[in-house]
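Novice: sequence plus the predicted model coming up.
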Amino acid sequence: GAGVSQSPSNKVTEKGKDVELRCDPISGHTALYWYRQSLGQGLEFLIYFQGNSAPDKSGLPSDRFSAERTGGSVSTLTIQRTQQEDSAVYLCASSPRGVDRPNQPQHFGDGTRLSIL
Amino acid sequence: TQLLEQSPQFLSIQEGENLTVYCNSSSVFSSLQWYRQEPGEGPVLLVTVVTGGEVKKLKRLTFQFGDARKDSSLHITAAQPGDTGLYLCAGDHFSGAGSYQLTFGKGTKLSVIP
């Protein structure tokens, strides 16, 4: 497809379980972002990948959160030992931006709605 | 830390009314982007303003970037029910990690009542 694809669209799991969220960015986009959005609120930055550079993990809320990006394309966000406060919509975005290219728009997927019981 | 204060947080108006959403910061941004998000979907870019004092119009929507590139506003004329949604402003800035990133406001949830 032409847009950013995220899966699953919905995930319900029990507290303490691990979850993996997947993001397929737009082909050719070098930048990939993960955000967390609580109900009807703004976006909280989690992690940023740019090409082959080391990711910017400064937004990850705890060491239970991690993310990988394989081959510069698909990314997975993993949350270990989930807690109820992890319930939110997790959004992925990609962008053609590089370090020397500001003002580039971000293209978002429709998110994964995560519910922790 | 770059912060963007967006106001109002909620706005409920009648069809045909005008409204303005504000986005303010003490920080300077290289650009300001406005997104609109509908339930169950990701945000979609409406416009990017880059130059201080810049005004852009998109049909009934008018976007303005402050002269000092610290604030922005979105004005909607004669609002329609189809304008209902969450409006997000995002400031583009060079982060400490050596790359450009967006800082998002908390959003304005707009409801236009027919």
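Specialist: Sure, I can see it.

Novice: lowest-pLDDT helix or strand in chain B?
Specialist: Sorting the helices and strands of chain B by mean pLDDT, DSSP states H and E puts strand B:100-104 at the bottom, at a mean of 85.

Novice: pull the number of nearby residues for A:Leu39.
Specialist: Per other Cβ atoms under 10 Å in any protein chain shown, the neighbour tally for A:Leu39 reads 7. The way it works is simple: take the backbone N, C-alpha and C, and place the C-beta from them, glycine included.

Novice: state the helix or strand in which it lies.
Specialist: Counting by DSSP states H and E, there is no helix or strand that carries A:Leu39.

Novice: in its sheet, what does the least confident helix or strand of chain B sit against?
Specialist: Sheet pairing of strand B:100-104 (DSSP bridges) gives strand B:85-94 (antiparallel).

Novice: how far off centre is the strand it pairs with?
Specialist: Centroid separation between strand B:85-94 and its chain, computed with Cα atoms, centre = their mean, to the nearest Å, is 6 Å.

Novice: cool, stretch A:47-63 as well?
Specialist: 10 Å.

Novice: check whether that stretch contacts chain B.
Specialist: Yes: applying Cβ under 8 Å from any Cβ of the partner chain, one finds stretch A:47-63 in contact with chain B at A:48, A:50, A:53, A:56, A:58.

Novice: could you export the least confident helix or strand of chain B as PDB, CA atoms only?
Specialist: C-alpha atoms of strand B:100-104 as PDB (Å, rounded to 0.1, in the frame of the first residue of the first chain):
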ATOM      1  CA  TYR B 100      14.900  17.500  13.400                       C
ATOM      2  CA  GLN B 101      11.900  16.400  15.400                       C
ATOM      3  CA  LEU B 102       8.300  17.400  16.000                       C
ATOM      4  CA  THR B 103       6.900  18.500  19.400                       C
ATOM      5  CA  PHE B 104       3.100  18.200  19.500                       C
END
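
Novice: only the buried residues of that strand, if you could.
Specialist: Residues B:100-104 are the ones in strand B:100-104 that count as buried (16 or more other Cβ atoms under 10 Å in any protein chain shown).

Novice: need the contact partners of that strand.
Specialist: The contact list for strand B:100-104 (Cβ atoms under 8 Å, 6 or more residues apart in numbering or on different chains) reads A:33, A:35, A:42-43, A:45, A:48, A:56, A:97, A:99, A:101-104, A:106, B:2-4, B:30, B:33, B:88-95.

Novice: what's the PyMOL line that selects buried ones from those?
Specialist: Burial among these is assessed by 16+ other Cβ under 10 Å; the matching PyMOL selection reads:
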select buried, (chain A and resi 33+35+42+43+45+48+56+97+102+104+106) or (chain B and resi 2+4+33+88+89+90+91+92+93)
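
Novice: near chain A, which residues of chain B show up?
Specialist: When proximity is defined as Cβ under 8 Å from any Cβ, chain B approaches chain A at B:6, B:30-31, B:33, B:40-45, B:48, B:50, B:86, B:88, B:90, B:92, B:94-107, B:109.
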